[in-house]
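Peer 1: fold the following.
(one chain, ligands or ions: 2)
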Amino acid sequence: MASLCEPKNIVICDGSQQEYDALCQKMIASGTFIPLKRPGSFLCRSDPADVARCEDCTFICSEKEEDAGPTNHWQDPKEMERRLRGLFKGCMRGRTLYVIPFSMGPLTSDISHIGVEITDSPYVVCNMRMMTRMGSKVLEQLGEEGKFIPCIHSVGAPLKEGKKDVPWPCNVKNRAIVHFPEKRTIWSFGSGYGGNALLGKKCFALRIASVMARDQGWFAEHMLILGLTNPKGKKIYIAAAFPSACGKTNLAMLQPSLPGWKVETVGDDIAWMRFGKDGRLYAINPETGMFGVAPGTSKESNPHAMESISQNTIFTNTALTDDGDVWWEGMTKEPPKHLVSWLGEEWTPASGKKAAHPNARFTAPISQCPVVDPAYDDPKGVPISAILFGGRRSSVMPLVCEAFSWRHGTFFGASVSSETTAASESEVGKLRHDPFAMLPFCGYHMGDYFLHWLKMGEREGAQLPKIYAVNWFRKDRSGKFLWPGFGENSRVLKWIFERVEGSGNAVETPLGYLPKSLDINGLNISPQTIEELFYEDREGLRREVEWLKEYFKLFGKRLPEGIRSELSALEKRLG
Ligand code: OXD
Ligand code: MN
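Peer 2: Ligands and ions are numbered 1, 2, ... in the order given. Here you go, the predicted structure:
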């Protein structure tokens, strides 16, 4: 790679604090980092054209096109390799090539896997140090023979001798985030942002890992993991899949409004799950940090996230206050009178523009979360009792619904749709199917992915988690959210807990089991609103079935029979 990329230097990262601090200092000097008044924290402004995951330039280059499936962009692997070799030729001239050995998951866990990212971005190195277990200890574990996933990254902006660097080098017009599922290799060119560049996250822990999981009999999922304890001290673990920027971080560290209940955080974005010898499904969070969406995060909406980012945090594309702190829309009711926007421009409330980019992010160690679960680093993982699927749906879908079976729950996952958010560059607010919240992250044919889920449920001796569909985002006719969400979601978690324990009450409906009653003690909500939250909109549901039928045609013969029959069963139940 060195002879292809022609870097000026090569540094093998040891993952130490000293190394991290030196890179931060280097980035302050180059204008990439602005030190903040929060201890150990920095603001970074990206190039205005490189602000989110780029789905149109993300490719799954399987040997056969049909194996990438209809939901992925495919290109012939040989042609792509040629293109990449051209792009990477001399791409690191004038820059340092950093070698980042990292482990996704605790080093001693059987569920974990190792990767090595090479990059010419010190921003990537610092973020990877927070997001993964990184450095010498990983190299030691690898030894001479160890296996790892090669992850190759360049911002694609060679630096001419004597030329001053820009704060955020990138090469937007040539961006390519490329996965070779058979070779299990990742090449990413031209972007420095989030999932495009921190290759342990979406590229490895989801796209490549989903292929490994299919082949080896486990799950790599876009899910948070939380521990839920009832007032008697009994604890269960829940995994939950929601599309990007739909509140995974908020749910993962929710402060329950119900007295005596406790939520603790294992992970906020990705879960790797494997059946244990006892037949239960065990989950680890392969990451060690959060790369969370800043806008909307406040002391009210997510006090635990606010505490997690009070120090040692990298902020990207937030606004800067006059006293050297950060701000974003939704952080306080009243915006400050003056700011410097994410674009580096003077900003006042009269500017009529957003001060922070809608996909502005914070990177912070999960260990700083005040409610981090004691088992978050446990190599065994945590046993999952319930799996939730949800999306942003302003109508039709009820607040919560329990699946009749694993197969029915797999159908819930396959049917997820959600209004799009700024986490990706595509149009915001458009309702799209996002099966299992994995649409941008499944590394193979989505029909085969459904089949993998169905098959895993047939495993002998498996003690399968119960499966739920949830929707915090249903609106009334005037467009107002019906459900307050955030800490009040603990009321839904309580019902799920009781169902798992066998004590919760439910009514059977065509969609699944709904709560007979939800604990709304102390909540200022009218009985009509509750009714609307669970209203069985038969017409809307029939339209949903038609819409799903049309969507599932995309998968042709690779749509498993289990999903097809669940859809017809729902159609029949709706009458
Ligand atoms: C993320 C995403 O960054 O899903 O987690 O976009
Ligand atoms: Mn995500």
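
Peer 1: what is the end-to-end distance of stretch 475-492?
Peer 2: Length of stretch 475-492, first residue to last, Cα to Cα, to the nearest Å: 17 Å.

Peer 1: sorry, wrong one. I was asking about stretch 378-395.
Peer 2: Stretch 378-395 end-to-end distance (Cα to Cα) = 40 Å.

Peer 1: so how many other residues sit close to the closest residue to ligand 1 within the chain?
Peer 2: Using Cβ to the nearest ligand atom, the single residue of the chain nearest to ligand 1 is S244, 3.1 Å away. (Glycine included, C-beta is placed from N, CA and C.) If you count neighbours by other Cβ atoms under 10 Å, S244 ends up with 25.

Peer 1: these two touch, right, it and E419?
Peer 2: No - with contacts counted by Cβ atoms under 8 Å, S244 stays clear of E419, the gap being 11.5 Å.

Peer 1: tell me, what's touching these two both at once?
Peer 2: Counting by Cβ atoms under 8 Å, 6 or more residues apart in numbering, no residue touches both S244 and E419.

Peer 1: OK, contacts around S298?
Peer 2: Applying Cβ under 8 Å, 6+ apart, the residues near S298 are 306, 330-332.

Peer 1: and G190, by the same measure?
Peer 2: So G190 contacts 57, 87, 154-156, 170-176 (Cβ under 8 Å, 6+ apart).

Peer 1: hmm, 7 Å instead?
Peer 2: Shown in contact with G190 (Cβ atoms under 7 Å, 6 or more residues apart in numbering): 155-156, 170-172, 174-176.

Peer 1: which of these fall within strands?
Peer 2: Judged by DSSP state E, strands contain the following of those: A176.

Peer 1: any of the contacts of G190 buried? List them.
Peer 2: When the contacts of G190 are checked for burial by 16 or more other Cβ atoms under 10 Å, the buried set is 155-156, 170-171, 174-176.

Peer 1: ok, which of those residues also contact ligand 2?
Peer 2: By Cβ under 5 Å from the ion, no member of the buried ones among the contacts of G190 lies near ligand 2.

Peer 1: any chance of those residues in JSON lines, plus pLDDT?
Peer 2: Putting the buried ones among the contacts of G190 into JSON lines (pLDDT from 0 to 100) gives the following:
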{"residue": "V155", "pLDDT": "98"}
{"residue": "G156", "pLDDT": "98"}
{"residue": "C170", "pLDDT": "98"}
{"residue": "N171", "pLDDT": "98"}
{"residue": "N174", "pLDDT": "98"}
{"residue": "R175", "pLDDT": "98"}
{"residue": "A176", "pLDDT": "98"}
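
Peer 1: does F552 count as helix, strand or coil?
Peer 2: helix (DSSP: H, G, I helix; E, B strand; the rest coil).

Peer 1: so how far is ligand 2 from the closest residue to it other than its chain neighbours?
Peer 2: Nearest non-adjacent residue to F552, counting by Cβ to Cβ, 6 or more residues apart in numbering: L559, 5.1 Å away. If you measure L559 against ligand 2 using Cβ to the ion, to the nearest Å, the figure is 25 Å.

Peer 1: do I have it right that L559 meets G447?
Peer 2: Yes - if you go by Cβ atoms under 7 Å, L559 and G447 touch, sitting 5.1 Å apart.

Peer 1: neighbour-wise, which of the two wins?
Peer 2: Neighbours per residue, other Cβ under 10 Å: of L559 and G447, the larger number sits with G447, 23 against 19.

Peer 1: residue ranges of the helices in the stretch 351-500 of the chain, please?
Peer 2: 406-414, 446-456, 490-501 (DSSP state H, counting those that start in this stretch).

Peer 1: out of those, which is closest to L97?
Peer 2: helix 446-456 (34.7 Å; Cβ to Cβ).

Peer 1: now the angle from that closest one to helix 406-414?
Peer 2: Put simply, helix 446-456 runs at 150 degrees to helix 406-414, going by axes from the mean of the first three to the mean of the last three Cα atoms, to 10 degrees.

Peer 1: so what's the residue lying closest to F481 once chain neighbours are set aside up against?
Peer 2: Leaving aside its sequence neighbours, F481 sits nearest to K475 (Cβ to Cβ, 6+ apart; 5.7 Å). K475 makes contact with 394-395, 481-482 under the criterion Cβ under 7 Å, 6+ apart.
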